[in-house]
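Visitor: Dropping the sequence and predicted coords here.
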Amino acid sequence: MYVALEGVDTSGKSTQIALLKEAYPHALFTKEPGGTKLGQALRQKVLHENLSPPTQFLLFLADRALHLEEVLKPNANKLIFSDRSLISGLAYAPYPIEQALELHRLHGLLEVLPDCVFLLKLHPKALKERMHTKTHDFIESKGLEFLEHTQERLLQACQLLGLKTHTLDASQDPKSLNKNILERLKRL
């Protein structure tokens, strides 16, 4: 089973991944972008350099293609948890989601889709509060309105792909949120 945790930065994905590692020590944990050696380098370049939106998108497509071949396909028989997935690639794309989806389709990047998505969503007030507590990479520096819009695009991408999606309030206590995720995973 392939489970993706999605949400904008500060939604608590990393915290939930850490808690899931405790609950599922034998599962495979990965991330997009950055789940491969090359992906780590691409991630750093995109997050910390002022690249054009099409360049960012194409680098993320390259990372996704490699991640599909090196991580997802060879481990299809395992429980996989991913910090982001192609859903984020669609949501953050500088194009309409349908157009970004078509680019994924043209390059064969829709072969492996998450079986389940946990979308951690923050209300605008909570998102604003959390954004003030950290330094920002290039994408986060686009502002609160951009991140709110991206949250909506994350849900839109899940719906467009027909994925089983659990939208959860990310402003709740991390342990309560984790309990909610674990209970839902048991029912899958």
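Guide: Cool, the structure landed.

Visitor: In three-state terms, how would residue 120 be classified?
Guide: Recorded secondary structure, residue 120: strand (DSSP: H, G, I helix; E, B strand; the rest coil).

Visitor: pretty sure it contacts residue 10?
Guide: No: using Cβ atoms under 8 Å, residue 120 is not in contact with residue 10, being 9.7 Å away. C-beta here means a position set from N, CA and C on the backbone, and glycine is covered the same way.

Visitor: quick one: which of the two has more around it?
Guide: The neighbour count for residue 120 versus residue 10, taken as other Cβ atoms under 10 Å, is higher for residue 120 (25 against 22).

Visitor: if I pick the residue most central in space within the chain, what's in contact with it?
Guide: Of all residues in the chain, the one closest to the mean position by Cα atoms, centre = their mean is residue 84, 1.9 Å from it. Residue 84 sits next to 4, 5, 6, 13, 31, 32, 33 when contact means Cβ atoms under 8 Å, 6 or more residues apart in numbering.

Visitor: Narrow the residues you listed to those in helices?
Guide: Here DSSP state H is the test, and those give residue 13 as lying in helices.

Visitor: List just the nearest of the contacts of residue 84 to residue 127.
Guide: Closest to residue 127 out of these is residue 13 (13.6 Å), distances taken as Cβ to Cβ.
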